[in-house]
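[1] sequence first, then the predicted structure:
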Amino acid sequence: MKVALLSDCYPPRLGGIETQVRDLGRALLAQGHEVHVYTATPGIDEHRGRSWEDDEGVHVHRVTMHVPFGVPVNPRAPKLIRGELAEFDIAHVHMGVIAPFAHDLTKLSLDLGLPTAITWHSVLGQGSLTVLRQLGWAREWAQRGATLTAVSSMAADRVRAAVGDPGIEVGVLPNGISIPDWSLARGRRPDDAPVQIVTALRFALRKRILPLIRMLREVRRRVPEEIPFTATVFGNGPYLAPARALTTAEDRTWLNLAGRVARPVLAQTYADSDLYFAPTRLEAFGIAALEARTAGLPVVALRGSGVEDFITNEENGLLAKDDDALVDAAVRLVTDHHLRHRLREHNLTVPPAQGWDSVVQQSLAEYRRAGARG
């Protein structure tokens, strides 16, 4: 099958959609499909215009132009790639909340009569949900034959509300993970080693960086002094410097805002840690939490987020209704060795359902469904 993955964003830009589109392309390629990515994100050289590169066998077509602040948008893209897009068997569009490039190429794909699958990777907030429903784009795309999915049950509920037609199906097509990359052997730690909390996220407002620091401080305050613990927060973004500026000298004795690290370093850190703390409410999926769960870590997260698709309360993590309950759950795990061990053993012996082999098969099923509808 000749597959076109259409996305505003792609590496070297960093983020969840970028990583997932790249990894999906490689996973499809590994199963014998020809994969092309069309994106408005420039490459490392920042070249603007048309360019092409090989990304470990995936053909990456960059259709870029000069716009303020480097926003990945190109209104000329449909005219530029119309002829070549018509040659594909399927177009898989990857949507964020604001995705002008993906919107334009969705319309082009449907105009060409190409089977089209659309996946939302972001949570539609009330404002964007209302606008999308009033404009009727998603409903129109489905009526013209596109299949609609989102990366989690919660995100799919928001898309259904935006569609506004109960007769139109919105499925779940989850993000994928390379299970062996995160299932590393844990080294033996001293019995008196501090309990290690870890978090990985983008330092952006919607990720709730400042509430995260406040909650970790409360955990530190409530854990008895005889139980030492540390907290490490990985990631980069515009709020990293302000967050570091807000930490006190006392905070820095146990809290480390470590910045961004390579995947192998993060995987090894997970293997040597004790629990993962997920503070985000509007989390469409939570790939970092899934990676931590795959490494064996019990995950502490809020109910009502995409994390609920792979974390079951008291089985492989603890789910909380609000921030206070999230702190309660973290304190419980830090202070209860037997609970941590039980949840960790489950995670180490029961792999998640979102391995790439499974996700590729679900993607191919979606492509076939799009072909039948088209």
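    Right, received. Where do you want to start?
[2] might you report the residue contacts of the closest residue to Pro75 other than its chain neighbours?
    Spatially, and ignoring its direct neighbours in sequence, Pro75 is nearest to Asp104 (6.7 Å; Cβ to Cβ, 6 or more residues apart in numbering). The way it works is simple: take the backbone N, C-alpha and C, and place the C-beta from them, glycine included. By Cβ atoms under 8 Å, 6 or more residues apart in numbering, Asp104 lies in contact with Pro75, Ala77, Pro78.
[3] got the phi and psi for the second one?
    In this entry, Ala77 is assigned phi and psi values of phi -60, psi -50 (degrees, to the nearest 10).
[4] residue ranges of the helices in the stretch 51-200 of the chain, please?
    77-85, 100-111, 126-135, 137-143, 153-163, 179-182 (DSSP state H, counting those that start in this stretch).
[5] where do the strands of the stretch 101-250 of the chain begin and end?
    116-120, 147-150, 170-172, 195-200, 229-234 (DSSP state E, counting those that start in this stretch).
[6] quick one: distance of the third one to the chain centre.
    This points to strand 170-172. For strand 170-172, the gap between its own C-alpha mean and the chain's C-alpha mean amounts to 16 Å (Cα atoms, centre = their mean, to the nearest Å).
[7] against which helices or strands is the least confident helix or strand in the chain by mean pLDDT packed?
    When the helices and strands of the chain are scored by mean pLDDT, DSSP states H and E, helix 126-135 comes last with a mean of 89. Where contact means 3 or more Cβ pairs under 8 Å, 6 or more residues apart in numbering; DSSP states H and E, helix 126-135 is packed against helix 153-163.
[8] report all helices and strands that the helix it packs on contacts.
    strand 116-120, helix 126-135, helix 137-143, strand 147-150, strand 170-172.
[9] can I get these in a markdown table including distance to Ala278 and mean neighbour count?
    Converted to a markdown table, the helices and strands packed on helix 153-163 look like this (distance: least, Cβ to Cβ, whole Å; neighbours: other Cβ atoms under 10 Å):
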| stretch | distance to Ala278 | mean neighbour count |
| --- | --- | --- |
| strand 116-120 | 20 | 29 |
| helix 126-135 | 22 | 14 |
| helix 137-143 | 28 | 18 |
| strand 147-150 | 19 | 26 |
| strand 170-172 | 19 | 19 |
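[10] so which of these gets nearest Tyr367?
    Closest approach to Tyr367 among the helices and strands packed on helix 153-163 (Cβ to Cβ): strand 116-120, 5.9 Å.
[11] any residues touching that closest one, and which ones?
    Contacts for strand 116-120 (Cβ under 8 Å, 6+ apart): 90-96, 106, 109-110, 138, 141, 145-151, 155-156, 158-159, 173, 284, 363, 366-367, 369-370, 374.
[12] give me the angle between that strand and helix 153-163.
    120 degrees (axes from the mean of the first three to the mean of the last three Cα atoms, to 10 degrees).
[13] strand 116-120 vs helix 126-135, what angle?
    Using the same axes, to 10 degrees: strand 116-120 against helix 126-135 is 150 degrees.
[14] shaky segments in the stretch 1-150 of the chain?
    69 (pLDDT under 70).
[15] re earlier: which of the contacts of strand 116-120 count as buried?
    90-96, 106, 109-110, 138, 141, 145-151, 155-156, 158-159, 173, 284, 363, 366-367, 369-370, 374 (16 or more other Cβ atoms under 10 Å).
[16] domain map for the chain?
    Using automatic domain parsing, the domain ranges for the chain come out as 2-176+355-373, 179-349.
[17] so what's Arg189 scoring on pLDDT?
    On pLDDT, Arg189 comes in at 68.
[18] for Asn175, that is, sorry about that
    At Asn175, the model reports a pLDDT of 97.
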